[in-house]
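# Okay, sequence plus prediction incoming.
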Amino acid sequence: MKRKVSLEEISDGRLYERNDMVKAGCGGCEGCSACCHHMGKSVILDPLDLHRLSVGLGMEAARLLEGPVELSVTDGMVLPNLKMDGKEEGCRFLSEEGRCRVHTFRPGLCRLFPLGRYYEGERFWYFLQVHECRKKDRTKVKVSRCLDVPDVPAYEAYISRWHGFLLAVQEILETPEGKEKAKEINVAVLHTFYLTPYEEDREFYPQFYERTAQMETWLKAL
């Protein structure tokens, strides 16, 4: 999601890499679930997010989209996001005690919080969102620990590739031809990356790259 603010307004003015220490440790968010409320449609899911939720919950992606996940338009594209519910607009995965019921396979943006990503070309860095987390006594932790994924370099390469793909699709959608075929393109992206199940006996990343190459070929032929 593109944010129309300057980095100076929302960060501590520093950019971080995976091995840097950053004051983002929230102590397991004990007694706090503020960042799981009133998030609107901002917790956008990438393909790995929905795949992990699907496997972790034993639910097909289509079923998730009928309940805790919804589709909305983000930067001109139709993408899934976590659904907020009730008067408190809480995440559908919160327990009555305010704890995350999918913590071990929670989405990437939830893992990242209170960090964000700053993209420049094909690269990205992390930054600390200084106004987002209510915890005042945060401790220093390594960025890679915040991400909490098995292979951080592979994960970062995937995130960068997905971001680049989305930008390319958005550019197409801004052309006259793209506007005419916007629905067809969005449906193809959703089915290719989200709704078509990934083979569980194969690693996710190779399958993702295969699908990306197929989609890029398809888009060129439009």
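Great, that's in hand. Numbering: from 1, shown residues only.

# Just give me the longest helix of the chain.
Longest helix in the chain by number of residues, with DSSP state H as the criterion: helix 152-173.

# which residues sit against it?
Applying CB atoms under 8 Å, 6 or more residues apart in numbering, the external contacts of helix 152-173 come out as 18, 46-48, 75-77, 108, 117, 119, 122-124, 144, 147, 149, 178-179, 182, 185, 189, 205, 208-209, 212, 215-216, 219, 222. Just so you know, the C-beta spots here come from the backbone N, C-alpha and C atoms, and that holds for glycine as well.

# tell me the centre residue of the protein?
Using CA atoms, centre = their mean, the residue of the chain that lies closest to the mean C-alpha position is L45, 4.1 Å off.

# and the nearest residue to that residue once chain neighbours are set aside, what does it touch?
Distances taken as CB to CB, 6 or more residues apart in numbering put P80 closest to L45, at 4.7 Å, once the chain neighbours are dropped. With CB under 8 Å, 6+ apart as the criterion, the residues that contact P80 are I44, L45, L50, L64, L65, V69, E70, L71, L190, Y194.

# From P197, how far out is the fourth one?
Think L64. When distances are taken as CB to CB, to the nearest Å, L64 and P197 turn out to be 12 Å apart.

# any residues in contact with both of the two?
Contacts common to L64 and P197, judged by CB under 8 Å, 6+ apart, are S54.

# The two - which one has more neighbours?
Between L64 and P197, counted using other CB atoms under 10 Å, the more crowded position is L64 (21 against 13).

# any idea how far that one is from L57?
The gap separating L64 from L57 is 7 Å, by CB to CB.

# Check P107 too.
When distance is defined by CB to CB, P107 is 13 Å away from L57.

# Next: I172.
Taking CB to CB as the criterion, I172 is separated from L57 by 33 Å.
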